[in-house]
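Undergrad: model this:
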Amino acid sequence: MSRTYKQTSLEHVDNRKYKPLIKWAGGKTRLNSLLLQTADLALESLNVKKFNYYEPFFGGGALFFELHSYEKIKNGYINDTIPHLISFYKTVANEELQKEFLLEVKKLTNDFNNANSDTKRRKLYGEVSKNSGWVYEFNTLWNNKTPQTNKDKIKSAALFLALNKSGFNGMFRLNSKGEFNIPIGDKTKIDFNEELFKITSSILKKTNIFNNSYEQILPPHKKIDKNNSFIYLDPPYIPNSKTEYFTDYSKEGFKEKDHNKLADIFHQLANDGYKVVLSNNSNKTSKLKYANSKKVFAYEVMVSRAIAKTNKGKRPPSKELLVSSFSLDSLGLKKVKT
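TA: The predicted structure follows:
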């Protein structure tokens, strides 16, 4: 089987039709070229043209959508613990809600783009009054419950997209009360790509979408055919320092004990012969947890993050850890010694 993605450039990836509909902290668009080659090696090893794809920490789904553009996914199984995100994806996937959703998104987009001052945009977003604006409406819909009616689902999903487009760096975060609390960004206009929306909807409507703890779509909780499947694990990153950029999304966070549990599951999957790849920050802690096994292959790569800026602009590329249950030596990556 020929190496399908070896010459893929970042510019090529960015220009694909199949890319994330939303921006997400930790998004893998910048790493996709390498991850595509990794997935291709899994296909070669499995000796199949398409595989079942499992991603328990889905987020923006950059790799998932890119693999669909190459028609490499037979069946998709995606999961995230954030109910707001999964409700958004399920609404996008629902053909019956598509017309009303598009109307609502266009209305919100036009309202923002027609606001001709920072004050008007801040008022619309919800920073002028605590009892009005998009943030207030969104948090009201999610006040200790998941939107149930189609009307509420559509409104929630449209607001989710509008807040993602207009909020600071496209970030999503909940405070200790479970409320969205990201400030407005510096955009004066936001865009909505209807063609990309329709492509995303067509993909998601044939995808199995879950809102569970990550382990619920992995063995032993879920039976997976190891001879025809690829698992990508992209958990919240282990910070390089106490002051490092945003890595948590929910009020619970993803703590050290959670990484310890995931490391055990990852190593068990590798021992059992599954094609599984994990990415994280490359630091002493992550290497000890995830790369400290003779059953895995660990590598260090340089990557720029989708959401990682200093006050002076973009952060310089950082070191990222890529750990696989199968060898990636043919990609010429720097090996990690443990």
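
Undergrad: now residue 227, what's its secondary structure?
TA: Under DSSP: H, G, I helix; E, B strand; the rest coil, residue 227 falls in the coil class.

Undergrad: what is the burial count for the closest residue in space to it that isn't next to it in sequence?
TA: Excluding the flanking residues, the one nearest residue 227 by C-beta to C-beta, 6 or more residues apart in numbering is residue 46, at 6.5 Å. In this view, the C-beta of every residue, glycine as well, is placed from N, C-alpha and C. Number of residues near residue 46 (other C-beta atoms under 10 Å) recorded here: 19.

Undergrad: over to the one 4 residues further on?
TA: Number of residues near residue 50 (other C-beta under 10 Å) recorded here: 16.

Undergrad: for the residue nearest to it when sequence neighbours are not counted, grab phi and psi.
TA: Sequence neighbours aside, residue 74 is the residue nearest to residue 50 in space, at 4.0 Å (criterion: C-beta to C-beta, 6+ apart). Main-chain dihedrals, residue 74, degrees, to the nearest 10: phi -80, psi -60.

Undergrad: tell me if I'm right that the residue nearest to residue 227 and residue 275 touch.
TA: Yes. In this structure, residue 46 is within contact of residue 275 by C-beta atoms under 8 Å, at 6.4 Å.

Undergrad: would you mind measuring from residue 153 to residue 288?
TA: 43 Å (C-beta to C-beta, to the nearest Å).

Undergrad: the two: who's more crowded?
TA: residue 153 (21 against 12).

Undergrad: contacting residues for that one?
TA: Going by C-beta atoms under 8 Å, 6 or more residues apart in numbering, residue 153 touches 87, 90-91, 94, 97, 147.

Undergrad: can you get me the start-to-end distance on stretch 215-229?
TA: Stretch 215-229 has an end-to-end distance of 16 Å (C-alpha to C-alpha, to the nearest Å).

Undergrad: what of stretch 207-216?
TA: First residue to last in stretch 207-216 (C-alpha to C-alpha) measures 16 Å.

Undergrad: which residue ranges of the stretch 201-338 of the chain form strands?
TA: Applying DSSP state E, counting those that start in this stretch to the stretch 201-338 of the chain gives strands spanning 208-210, 229-233, 275-281, 297-303, 309-310, 313-314, 318-324, 334-335.

Undergrad: following whichever helix in the chain runs longest, which helix or strand shows up next?
TA: As assigned by DSSP state H, the longest helix anywhere in the chain is helix 95-114. Next helix or strand after helix 95-114 toward the C-terminus (DSSP states H and E): helix 118-125.

Undergrad: for that next one, C-alpha coordinates in PDB please.
TA: Taking C-alpha atoms only, helix 118-125 is exported to PDB below (Å, rounded to 0.1, in the frame of the first residue of the first chain):
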ATOM      1  CA  ASP A 118     -17.000  47.600  20.200                       C
ATOM      2  CA  THR A 119     -19.700  48.700  22.700                       C
ATOM      3  CA  LYS A 120     -22.500  47.200  20.500                       C
ATOM      4  CA  ARG A 121     -20.500  44.000  20.000                       C
ATOM      5  CA  ARG A 122     -19.800  43.700  23.700                       C
ATOM      6  CA  LYS A 123     -23.500  44.300  24.500                       C
ATOM      7  CA  LEU A 124     -24.500  41.600  22.000                       C
ATOM      8  CA  TYR A 125     -22.000  39.100  23.300                       C
END
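
Undergrad: send me stretch 329-338 as CSV with only the CA atoms.
TA: The C-alpha coordinates for stretch 329-338 follow below in CSV (Å, rounded to 0.1, in the frame of the first residue of the first chain):
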residue,chain,number,x,y,z
ASP,A,329,10.4,5.1,12.6
SER,A,330,9.8,5.4,8.8
LEU,A,331,8.6,8.9,9.3
GLY,A,332,12.0,10.0,10.5
LEU,A,333,10.8,11.4,13.9
LYS,A,334,13.0,12.0,16.9
LYS,A,335,12.8,9.0,19.3
VAL,A,336,12.2,9.5,23.0
LYS,A,337,14.4,7.6,25.4
THR,A,338,12.7,6.5,28.6
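
Undergrad: wait, what's in contact with residue 57?
TA: Here residue 57 is in contact with 79-80, 214, 233-236 (C-beta under 8 Å, 6+ apart).

Undergrad: I'd like to know how far it sits from residue 147.
TA: For residue 57 relative to residue 147 (C-beta to C-beta), the value is 23 Å.

Undergrad: which helix or strand contains residue 78?
TA: Using DSSP H and E, residue 78 falls in strand 73-79.

Undergrad: I'd like the next helix or strand past that strand.
TA: Past strand 73-79, the next helix or strand by DSSP H and E is helix 83-93.

Undergrad: what are the buried residues along that next one?
TA: 83-93 (16 or more other C-beta atoms under 10 Å).

Undergrad: hmm, who's touching it?
TA: Residues from elsewhere that reach helix 83-93, judged by C-beta under 8 Å, 6+ apart: 21-22, 58-59, 78-80, 97, 101, 142, 146-147, 153-154, 156-157, 160-161, 172, 180, 197, 200-201, 204-205, 207, 209-211.

Undergrad: now go through those and say which are in helices.
TA: Reading helices off these with DSSP H, I get 97, 101, 153-154, 156-157, 160-161, 197, 200-201, 204.
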